[in-house]
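Undergrad: predicted model follows, preceded by the sequence.
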Amino acid sequence: MAESHGNAHTEADGGHKAPFPPFQTSTFPSQLASLFVAFLVLYVIVSRFALPRVSKTIDNRQNTIDGDLAAAQKLRDESDAALKAYEAELAAARARAQAIGADTRDKLNAQSEAERKSLEERLAGKLADAEKTIASTRAAAMSNVRGIAADAASAIVQQLTGAAPDSKTVDSAVEASLKG
């Protein structure tokens, strides 16, 4: 007869199985007292030890996050200020570059204008000299034209008539033909 402890107990009661111990009404008060003590111990442990540590950890994390956010905002403000300073410096540099460019352009324009005027004056002088030379050459040529025309007319008349014409008649004929 190898029976287990549980089976021996149930057979002694008349063959009925005993109910599950937590559901036995005779053990309810002791179970409720045990539950109350366990709950009270758990509450004290959680409220005295676990919750302060968790709360402290949460506060530390929140402080770290707030500090990081503040540092990030500070760095962002600094970078915004640096960007504004950079943009201001860039605008100032552009303005200086434009002023230097305008100044250089004005200087070069003035220099080129002075060179142009100097060149025009030299060319005007050369033109005046050339006109004087042309006028004197024309006058010399015109004085020679009369003599050449008189000689040519005399030679033509002599060739045609066989007799040499008188020089006063030839000069007056040449003079009349040049005037008219």
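TA: Ah, there it is. Source: prediction; values computed, not measured. Numbering: from 1, shown residues only.
Undergrad: any idea how far Gly75 is from Asp68?
TA: Not quite, residue 75 is Leu, not Gly. Per Cβ to Cβ, to the nearest Å, Leu75 is found 10 Å from Asp68. The way it works is simple: take the backbone N, C-alpha and C, and place the C-beta from them, glycine included.
Undergrad: next SSE downstream of the helix or strand in which Tyr43 is found?
TA: Using DSSP states H and E, Tyr43 maps to helix 28-45. Next helix or strand after helix 28-45 toward the C-terminus (DSSP H and E): helix 51-161.
Undergrad: got the angle between that next one and helix 28-45?
TA: For helix 51-161 against helix 28-45, the angle by axes from the mean of the first three to the mean of the last three Cα atoms, to 10 degrees is 40 degrees.
Undergrad: quick check: buried residues in the following helix or strand past helix 51-161?
TA: Sequence order places helix 167-179 as the next helix or strand after helix 51-161, per DSSP H and E. For helix 167-179, a neighbour-count test (16 or more other Cβ atoms under 10 Å) marks 170-171, 173-174 as buried.
Undergrad: closest to Gln62 among these?
TA: Lowest distance from Gln62 to the buried residues of helix 167-179 (Cβ to Cβ) belongs to Val174, with 126.3 Å.
Undergrad: check contacts around the closest one.
TA: By Cβ atoms under 8 Å, 6 or more residues apart in numbering, Val174 lies in contact with 146, 149-150, 153.
Undergrad: kindly check the end-to-end length of stretch 152-169 for me.
TA: This stretch, stretch 152-169, spans 13 Å end to end (Cα to Cα, to the nearest Å).
Undergrad: which residues touch it?
TA: Residues from elsewhere that reach stretch 152-169 (Cβ under 8 Å, 6+ apart): 150, 170, 173-174.
Undergrad: any idea how far the residue nearest to the spatial centre of the chain lies from Lys84?
TA: For the chain, the residue nearest the mean C-alpha position is Leu90 (9.7 Å; Cα atoms, centre = their mean). Distance, Leu90 to Lys84, using Cβ to Cβ: 11 Å.
Undergrad: and what of Ala164?
TA: 108 Å.
Undergrad: for Leu40, same thing?
TA: Distance, Leu40 to Lys84, by Cβ to Cβ: 63 Å.
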